[in-house]
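Engineer: Fold the following for me, if possible:
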Amino acid sequence: MEKEEKLEIHTTGENTEGGITSGYAIDDGVELKAPYSFMGSEYDEEEEKAVLEAMHQDSLTMGPQVKLFQDEFAAAHNVKHAFAVSNCTVGMHLCTQLFCLKKGDEVIITPNTFIATSLALVKEKVTPVYADIDPKTFNIDPEDIARKVTSRTKAIYVVHFAGQLCDMDPIMEIAKKHNLYVLEDCAHAHLAEYKGRKAGSIGDVGVFSFHSLKNMTTLGEGGMITTNHDEWVKPIEALRCMNLTEWDPEQRDFTFGKYTMHKEVDGKYSDYWIPSHFDVQDVNGFWGNNYRMNETQAAVGRVQLKKLPGFIETRIKNGRYINEGIKDIEGVNGIYESPDCRHIYHLYTLTVDPEVYDRDDFLRILYREYGVQSILHYQPTYHFTGFKKLGIIGDCPVAEEFFYVRGMNIGINPRLTQQELDAIVEGIRKTAERLSQ
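Structural biologist: The predicted structure is shown next:
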């Protein structure tokens, strides 16, 4: 029997339904030496085994693997509670409902983030108010947050850009002064730290992503909510799963129209199906959805969580190697690591001085002539067509300059070879030399 040929499937942003959310490869004839990979982690036989074992369980959703994954994730991030959800976006939407935010309320947020962070607000008709970013870390600027607070402000949504936490102490002081909720968008920041405190443990809630781009992933999609608020356990569980709750355990008689069902006097149901398997109640007037995670995703997440410290160490090593290789290039800057933070290098953000280089020329030559692919993160949210239609505006000159003339992101992941790392450094150096002539 002839050996079966392995089927190779190449996905690109052009030929997948997810478009740019499914891949960045482009079939344009460029010979890539360092592509921007859409897989931010790596899998082996351990993940494959975990999937197969989970598939043989009686339950394939919200079962024992999810419970274990939640407990292990909470312990790793030094929080009391963690709740697995289907992705980070719905997790943030759930928390927006949890905070009882509604039309007329304002939330201060960064413009330097994926659209999902703001969508969590506009879905509830809450107004995002954009505060500018720090020019070194690209995180939201606490001083501009303070300037943007009004009587309508109800919360602050921070994003730990690229794997480095925001300056959380002054942000939490502002929140305390004005009685505001704080949501940490930790999509980039698994196990990242600020002054020894883990991402997702400082604000009222943290929300993580396990999309395929992230430092750990649960089969391409997935998310986690973290909190230290005991009183939010039941509301989060209800909003995550269609507002399902238990019937009042003290109630003995249940009347529904012309029908009445009874419990035993000792407080136990006479039969397990009485009065029915679940009750449904709103959470402060809000209705959730089906935001659950399945068992195979959670099983993979448990394996990935164990590997995550090693993935991060490799990312840090790779990022610092690039930093060292380009540190003497005039007008080119690598990653700045705040002394207060443990940066986990989810993204490698390269910036150029617009007085020395045209950013688009730099990106173009780096890609077309030296085979190093980079992409842009993130266009200021208030510049999107749909947000303009809603009348949402922003005034964030640092964020605008960062996106339009300074920044680009070089591909970085734990699978980078030494050859690829050297190609990145050499490509950046040669591009700078070309444009300096």
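Engineer: going forward, measure contacts between C-alpha atoms and count neighbours the same way
Structural biologist: OK.
Engineer: Please name the bridge partners of residue 256.
Structural biologist: Beta bridges link residue 256 to residue 259 when assigned by DSSP bridges.
Engineer: got it, and residue 157?
Structural biologist: Applying DSSP bridges, one finds that residue 157 bridges with residue 109, residue 183.
Engineer: so it sits right up against residue 106, yeah?
Structural biologist: No: in this structure residue 157 lies outside contact range of residue 106 using Cα atoms under 8 Å: 10.7 Å.
Engineer: tell me the contacts of the residue lying closest to residue 99 once chain neighbours are set aside?
Structural biologist: Sequence neighbours aside, residue 181 is the residue nearest to residue 99 in space, at 7.4 Å (criterion: Cα to Cα, 6 or more residues apart in numbering). By Cα atoms under 8 Å, 6 or more residues apart in numbering, the contact list for residue 181 reads 99, 154, 155, 156, 175, 203, 204.
Engineer: and the residues you listed, which of them are in helices?
Structural biologist: Helix and strand membership here follows DSSP state H; of the contacts of residue 181, those in helices are residue 175.
Engineer: Which helix runs longest in the chain?
Structural biologist: Ranked by number of residues, the top helix in the chain under DSSP H is helix 295-326.
Engineer: Relative to the whole chain's centre, how far out is it?
Structural biologist: 15 Å (Cα atoms, centre = their mean, to the nearest Å).
Engineer: now do stretch 200-218
Structural biologist: 5 Å.
Engineer: Identify each buried residue in it, please.
Structural biologist: Within stretch 200-218, the residues that qualify as buried are 200-218, counting by 16 or more other Cα atoms under 10 Å.
Engineer: do the same with stretch 287-298
Structural biologist: Quick answer for stretch 287-298 (16+ other Cα under 10 Å): 287, 288, 291, 292, 293, 294, 295, 296, 297, 298.
Engineer: In JSON lines: those, plus pLDDT and distance to residue 246.
Structural biologist: Formatted as JSON lines, these follow (pLDDT from 0 to 100; distance: Cα to Cα, whole Å):
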{"residue": "287", "pLDDT": "95", "distance to residue 246": "16"}
{"residue": "288", "pLDDT": "94", "distance to residue 246": "16"}
{"residue": "291", "pLDDT": "96", "distance to residue 246": "19"}
{"residue": "292", "pLDDT": "96", "distance to residue 246": "18"}
{"residue": "293", "pLDDT": "97", "distance to residue 246": "21"}
{"residue": "294", "pLDDT": "96", "distance to residue 246": "22"}
{"residue": "295", "pLDDT": "97", "distance to residue 246": "23"}
{"residue": "296", "pLDDT": "97", "distance to residue 246": "27"}
{"residue": "297", "pLDDT": "97", "distance to residue 246": "27"}
{"residue": "298", "pLDDT": "98", "distance to residue 246": "25"}
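Engineer: which one among the residues you listed gets closest to residue 426?
Structural biologist: residue 297 (38.5 Å; Cα to Cα).
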